[in-house]
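Provide a 3D model corresponding to the input given below.
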Amino acid sequence: MSIIKIALTGGIACGKSKVSQILSNLGLNIISLDKLAQKIVRPNTIELKELIKHFGDGIINTNKSLNRSILRKILLERKSNQKLIEAILHPRILIRMENEIGKLKAKLVVVEVPLLAEKNLTHLFNRAIIISCNKKQQLKRLINRDNINTKEAKNMVSAQFSHSLRLKLRYKLPTDIIKNNLEITDLAHKTNQLYKKLINL
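As a prediction, this is how the structure comes out:
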């Protein structure tokens with residue numbers, strides 16, 4: 001029987017990584033597309049060289065690593081920058097994801113996919129989990145997490161789909177929704193309940 005592929009998605013700073021960590025601690029296999037993205041832009045990789053060719057040496061730190069905050073600002077400046085960066089990175093990230101999944105001997109795998117809805121990647125998965133939180137909480141967490149100002153945080157949030165648009169995933173995939181507006185203990189309880197459901201699929 002083929003592995004069940006579950007996409008974990010949600011708005012930025014809504015708690016995807018926390019849910020991933022809880023599910024991992026419970027024994028599920030987790031793949032993070034953000035972490036795969038970090039691997040393919042390590043110093044001297046083809047992908048990093050392509051980014052430098054298009055955006056210059058200004059995106060590089062003194063130790064030759066990618067300055068992710070500068071690249072993020074470039075991405076948000078123009079739609080054309082975003083399209084180019086995604087064209088360079090996204091296909092290669094998905095190839096890495098499929099390779100990682102292919103190594104697993106498990107009943108299911110959870111893949112953290114921040115842009116599941118935005119990039120129309122539902123065809124790669126069997127189920128989805130959406131982590132949501134209210135706008136006030138989202139901005140507060142994002143400002144604290146990334147040490148940025150309110151304007152930058154709002155720009156990052158607006159670059160993604162709204163929660164209502166993301167909820168349309170339900171029409172394409174069986175979807176579980178976790179609302180993360182309270183304390184971590186509440187999130188842990190909800191995630192534990194979801195875990196029990198998933199392992200009995």
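
Please count neighbours and contacts with C-alpha atoms only from this point.
Noted.

chain center to stretch 4-11: distance?
On the basis of C-alpha atoms, centre = their mean, to the nearest Å, stretch 4-11 sits 9 Å off its chain's mean C-alpha point.

pLDDT of it, averaged?
In this model, stretch 4-11 has a mean pLDDT of 96.

Would you mind measuring from the most centrally placed residue in the chain to residue 129?
Centroid check for the chain by C-alpha atoms, centre = their mean gives residue 114 as the closest residue, at 2.7 Å. Distance of residue 114 to residue 129, computed by C-alpha to C-alpha, to the nearest Å: 11 Å.

Return every residue with contacts to both of these two.
Here residue 114 and residue 129 have 8, 9 as joint contacts, going by C-alpha atoms under 8 Å, 6 or more residues apart in numbering.

what's the next secondary structure element after the host helix or strand of residue 140?
Applying DSSP states H and E as the criterion places residue 140 in helix 135-146. Scanning forward in sequence from helix 135-146 by DSSP H and E, the next helix or strand is helix 150-158.

Alpha carbons only: can I get the helix or strand following that following helix in CSV?
Next helix or strand after helix 150-158 toward the C-terminus (DSSP H and E): helix 163-166. This file holds the C-alpha atoms of helix 163-166, laid out as CSV (Å, rounded to 0.1, in the frame of the first residue of the first chain):
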residue,chain,number,x,y,z
HIS,A,163,-7.7,32.0,5.5
SER,A,164,-11.0,31.9,3.6
LEU,A,165,-9.2,31.1,0.4
ARG,A,166,-7.1,28.5,2.1
